[in-house]
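Q: quick one, structure for this:
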Amino acid sequence: MKIYFSAAQIADAVARTAREINAYYAEVGPEERVTVVASLKGAAIFFADLVRKLNFPLEIDFVRAASYGNARESSGDVRLTKDVETPLKGKRVLIVEDLVDSGRTLAALRRHFIALGASEVKSAVLVKKLAPRAEDASVDFYALEAENLYLVGYGLDDAENGRQLPDIWVVEEPAE
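A: Predicted coordinates:
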């Protein structure tokens, strides 16, 4: 494995992304809170670092949508295994996701939150891959952009391995 993004690069990117999100939600007053939803498990570390830099009224919640299991490629079937507990009717929602490649999970979460009555659904993504999207999954805010490589670290995993790494690494594929 080799480092793709260092811990310092990640910290700078998270801070920049937080500034962009803060600017977007600058008009949110104390009577309106944005619901910031972490997509578990991968986004947990990014989420924790990001929300501590947000300076508008917010509430947090969590969702888990799975399409990978322990595989390195999406099954194409997005399953919601943990739903939000916060009522979303009439609320603005910011989904915090670890990465977007095919776009299926982000698109499914966006549809789900709109079906729950959210008035607006935006996304903040740690890594936006430069890969063709299987679905229209627009990314509103992103910290890092990467080639279509298999990455691990800073919450991203390889069959539950490597999430705790402070840097993001490229997993070397064995030669065929």
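Q: so in this protein, where's the weakest helix or strand by average pLDDT?
A: strand 79-82 (a mean of 92; mean pLDDT, DSSP states H and E).
Q: packing partners for that strand?
A: strand 58-66 (3 or more C-beta pairs under 8 Å, 6 or more residues apart in numbering; DSSP states H and E). C-beta: built from backbone N, CA, C; applies to glycine.
Q: what is the strand it packs on packed up against?
A: Checking 3+ C-beta pairs under 8 Å, 6+ apart, strand 58-66 ends up next to strand 34-40, helix 44-51, strand 79-82, helix 104-115.
Q: give me whichever of the ones you listed is most buried.
A: strand 34-40 (a mean of 23; mean count of other C-beta atoms under 10 Å).
Q: listing partners with orientation, what would you give for that one?
A: Here strand 34-40 is paired, per DSSP bridges, with strand 58-66 (parallel), strand 92-100 (parallel).
Q: out of those, which one sits most buried?
A: Taking mean count of other C-beta under 10 Å, strand 92-100 is the most buried of the strands paired with strand 34-40, at a mean of 24.
Q: roughly how far out does it sit from the chain middle?
A: Centre-to-centre, strand 92-100 and its host chain are 4 Å apart (C-alpha atoms, centre = their mean, to the nearest Å).
Q: again, but for stretch 83-92
A: 17 Å.
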